[in-house]
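[1] Sequence first, then the predicted structure:
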Amino acid sequence: MKVIGGGRVSDDFVVTAAVKERLVIRMKDKYKQKVWVFGDSPLDLPMMKQADRAIVVVGDESSRSKSMTNPTWKGGTGSFGVESAC
C-alpha cells in the first residue's frame, strides 16, 4: 500500500487539499479502487468526503486540531461521518 500525501514544507513537497481530493476521485473513477483516507486537519475534509472510508487521526488532546473533534461535518451535498482512531 502506498501512502500519498504530505503537507509540510520539510517533506520537500506539499500536497494541497484539492490535490488530495482529486487523487481520491481519480483512484476511484479510473482505477475502480476502494479508497480509505486518513486525515488530521480540516484541509483533509475534501479528500475525506470523496473517500469510501475516512478516518480522523487524533493525537494528544492538548496538541491536536480542535476542529477535528466533531465526528460529523456538514458538506455542500449533505453530511458525512468519519471514524476516529488514535
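    Nice, I can see it.
[2] For the chain, which segments count as helices?
    Counting by DSSP state H, the segments of the chain that form helices are 17-29, 45-50.
[3] Deepest-packed of these, please.
    helix 45-50 (a mean of 21; mean count of other CB atoms under 10 Å). Every residue, glycine included, has its C-beta placed from N, CA and C.
[4] Kindly reformat the helices of the chain as JSON lines and extend each row with mean pLDDT and distance to V57.
    JSON lines is the format used below for those (pLDDT from 0 to 100; distance: least, CB to CB, whole Å):
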{"stretch": "helix 17-29", "mean pLDDT": "94", "distance to V57": "14"}
{"stretch": "helix 45-50", "mean pLDDT": "94", "distance to V57": "11"}
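[5] can you put those helices in TSV and add distance to E61?
    Below are the helices of the chain laid out as TSV (distance: least, CB to CB, whole Å):
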stretch	distance to E61
helix 17-29	24
helix 45-50	20
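[6] just so I know, which of those helices lies nearest V37?
    helix 45-50 (5.3 Å; CB to CB).
[7] if we can go back for a sec, which one of the helices of the chain lies nearest to V56?
    helix 45-50 (8.0 Å).
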